[in-house]
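S.K.: build me a structure from this.
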Amino acid sequence: MTVALLLGPSVPGAAAGSRGFVPAADDEPVVVDPPAVEVYRLAAPSVEALLDLIDAGYDVDGIQHGPDGELLFSAVLTIEQLEELERDGFVVVAPGVPLPRVETPPASARSSALAEALPGERVQVLRADVYQASGGTRLYVEAFSSEGASSGVTLTVYDADTGDLIGTMQRFVDAGQYMYHRLNARVDQAPAAVRVVSSLGGEDTMPTEPWPSRRAAFSFDGLQTGFVDHYMDPTDPYDRPQRLAAPFPHLAEIIELPYRTHGYRRQAMGVTGAVAASAVVWYSKAWGHEGGNDLSVLIAEPAGPDQPLSVTFDEETRTVVVSPATDAAGNITSTADDVIRAVNADDSLPVTAFHYRGNAGLGLIAPEGPVQLSDYLNAPEHVSREPFVVRALRIGKHRDGSKTGVFIYAQEHARERQTPLVVMETAMRLLYNYDTHPDTRKLVDNLDIFIVPSINPDGAHYSFYDSASQRKNLVNHGGPEVSDPARRNSWGVDINRNFRVGS
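M.R.: Purely as a prediction, here's the structure:
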């Protein structure tokens, strides 16, 4: 299982992950580049504070209780976000820093109220695994509550036979979505079964299983390994399955899936103006790689007194020229809003324009530029800017639907760079060991295996070449107020949370 640090809101005040969008003040300085982010390990002042943080849109991971009861987690934050959290009582984990001790409450007034309002809760234990680690025997339990989206619901784990308390589960929320509750605890003796009880009254029981399962016995004697020895951008895992299937036509084939990705591409963009009230955000109508990156914008000097506002396009220099309106004294009278309206009323222009971060744009523009537009995509030329065809590598001796199907895919989250490597190593082991390794042959003979090395190549290329902390794909569904260039690292859809079924 891949564990990745999850990106919190990447720009102060951004709509995704902010505590409410507020339009930019008139005198707010315009920024073009996203702020720097860092990975931090923090201790939360309380369970409720951490849950509130998650509900506000911050993506956190690695939640666990420390040895003294402190509630620890990891996040990727700007320095401004970190300072805000510190003011709210969160503490950066560092040697010599006293950490707050947090007890997980067994119940709360909120959960008691929920118990009355939401009868008929369903609790289901998803897994109960026992495994060996350096500290001894450990028990890992996952359980789902039908009312778990509420932070007031607590789940508690007991030994189903003795009734002994094992521990209180932690609510796992990822990208704002409730996933399940989980517990990872050291035990002196593994229970034969666990009983999970909710503060709302629901419960479920499940026998424990050793992990790895005894049923998963597999001999590694004589197994060829080490086929993947370096990190790869998604273009390599996308091309490699075709090269891999060719020598093994009796065992493998390529299936092209029906829907293409959005593509590693964006419109070119830029901003003119020093403060929000006089700022204009510019977008090319063409993709950046199809001509948008060649465009620039010039706010020209006043041409004289009593001039009207005009916006023209110089084909030779690929420059959008804004000639501001003036009064009788030759002073500029055009506001940012005037320019935006004029640009968007002229379909012949190669650009569109909008206000900066929701500001009304009533400030006067000033001469500037030319400002070069850019899509801010830095991948080398071998990375296609067109939508990717999603391909699955199908492996099996009998690929006719008669065998049990196994679907393996990787890299929904763009920065999970190791998962495509694991998937490709798996595919190569299955094919290259088929003739010489009996246990591998059993798998290929008795399963119908479908492998997609990267389900999010657009976002993964962006993580590889542009912003290492990128988690989502590259589709921006936000409005103009969150679409200026400085917010480009916060755009996208977390495709792991947006399936119609199975999420």
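S.K.: contacts, neighbours, all on C-alpha from now
M.R.: OK.
S.K.: any weak-confidence spans in the protein?
M.R.: 1-20, 67-69, 94-120, 175, 214-216, 498-503 (pLDDT under 70).
S.K.: try it again at 50.
M.R.: Scanning the chain for pLDDT under 50 picks out the ranges 1-19, 104-118, 503.
S.K.: contacts for the longest helix along it, please.
M.R.: Looking across the chain with DSSP state H, the single longest helix is helix 418-432. Outside helix 418-432, the residues within contact range by CA atoms under 8 Å, 6 or more residues apart in numbering are 2, 223-228, 231-232, 234, 237, 244, 248, 251, 395, 408-411, 440-441, 444, 451-454.
S.K.: among the residues you listed, which are in strands?
M.R.: Using DSSP state E, the subset of these located in strands is 395, 408-409, 451-452.
S.K.: which single one of those is nearest to Tyr259?
M.R.: Val452 (13.5 Å; CA to CA).
S.K.: picking up where we left off before, I'd like the ones in strands among the contacts of helix 418-432 laid out as a markdown table, including neighbour count and distance to Ala329.
M.R.: Shown next, in a markdown table, are the ones in strands among the contacts of helix 418-432 (neighbours: other CA atoms under 10 Å; distance: CA to CA, whole Å):
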| residue | neighbour count | distance to Ala329 |
| --- | --- | --- |
| Ile395 | 27 | 77 |
| Ile408 | 15 | 70 |
| Tyr409 | 15 | 67 |
| Ile451 | 23 | 70 |
| Val452 | 23 | 66 |
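S.K.: all helices for the stretch 1-150 of the chain, in order.
M.R.: Here the stretch 1-150 of the chain has its helices, by DSSP state H, counting those that start in this stretch, at 47-55, 79-87, 109-117.
S.K.: no, scratch that, I was asking about the stretch 201-350 of the chain
M.R.: Counting by DSSP H, counting those that start in this stretch, one finds helices in the stretch 201-350 of the chain at the ranges 235-245, 336-344.
S.K.: Gly62: which of these is closest?
M.R.: Closest approach to Gly62 among those is made by helix 235-245 (28.1 Å; CA to CA).
S.K.: and the gap between the most far-flung residue of the chain relative to its centre and Ala336?
M.R.: Residue farthest from the centre of the chain, counting by CA atoms, centre = their mean, is Ala328 at 53.7 Å. As judged by CA to CA, to the nearest Å, Ala328 and Ala336 stand 20 Å apart.
S.K.: over to Asp347?
M.R.: Asp347 is 19 Å from Ala336, by CA to CA.
S.K.: ok, the two, which is more surrounded?
M.R.: With neighbours defined as other CA atoms under 10 Å, Asp347 and Ala336 compare such that Ala336 has more, 28 against 9.
S.K.: check contacts around that one.
M.R.: Ala336 neighbours (CA under 8 Å, 6+ apart): 277-280, 355, 361-365.
S.K.: coming back round to it: between the ones in strands among the contacts of helix 418-432, which is nearest Tyr158?
M.R.: Ile408 (33.8 Å).
S.K.: which ones are touching the nearest residue to Pro302 once chain neighbours are set aside?
M.R.: Nearest non-adjacent residue to Pro302, counting by CA to CA, 6 or more residues apart in numbering: Pro324, 6.2 Å away. Listed by CA under 8 Å, 6+ apart, the contact set of Pro324 reads 299-302, 307-310, 332-334, 365.
S.K.: on that earlier part again, what about the longest helix of the chain, distance to the chain center?
M.R.: With CA atoms, centre = their mean, to the nearest Å as the basis, helix 418-432 stands 24 Å off its chain's centre.
S.K.: can you pull the contacts of the nearest residue to Arg265 once chain neighbours are set aside?
M.R.: Using CA to CA, 6+ apart and skipping the chain neighbours, the partner closest in space to Arg265 is Arg385 (5.3 Å). Residues in contact with Arg385, defined by CA under 8 Å, 6+ apart, are 263-265, 289.
S.K.: go on, His289?
M.R.: 265, 375, 385.
S.K.: tell me which stretches of the stretch 351-500 of the chain form helices.
M.R.: Using DSSP H, counting those that start in this stretch, helices in the stretch 351-500 of the chain cover 418-432, 438-446, 457-465.
S.K.: ok, residues contacting the last one?
M.R.: Counting by CA under 8 Å, 6+ apart, the neighbours of helix 457-465 from elsewhere in the structure are 233-235, 261-264, 377-379, 388, 411, 413-417, 468-474.
S.K.: check which residues of it are buried.
M.R.: 457-464 (16 or more other CA atoms under 10 Å).
S.K.: same deal with stretch 44-59?
M.R.: 44-47, 50-51, 53-59.
S.K.: first-to-last residue distance for it?
M.R.: 14 Å.
S.K.: list the contacts for His398?
M.R.: 251, 445-448.
S.K.: including neighbour count, could the residues you listed go into CSV?
M.R.: Listed next are these as CSV, based on neighbours: other CA atoms under 10 Å:
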residue, neighbour count
Leu251, 19
Asp445, 17
Asn446, 16
Leu447, 19
Asp448, 22
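S.K.: ok, the residues you listed vs Glu84, which is closest?
M.R.: Distances from Glu84 to the contacts of His398, taken by CA to CA, are shortest for Asp448, at 51.0 Å.
S.K.: who's the closest one bridged to?
M.R.: Gly405 (DSSP bridges).
S.K.: pretty sure it contacts Leu393?
M.R.: No - counting by CA atoms under 8 Å, Asp448 sits too far from Leu393 to count as a contact (10.6 Å).
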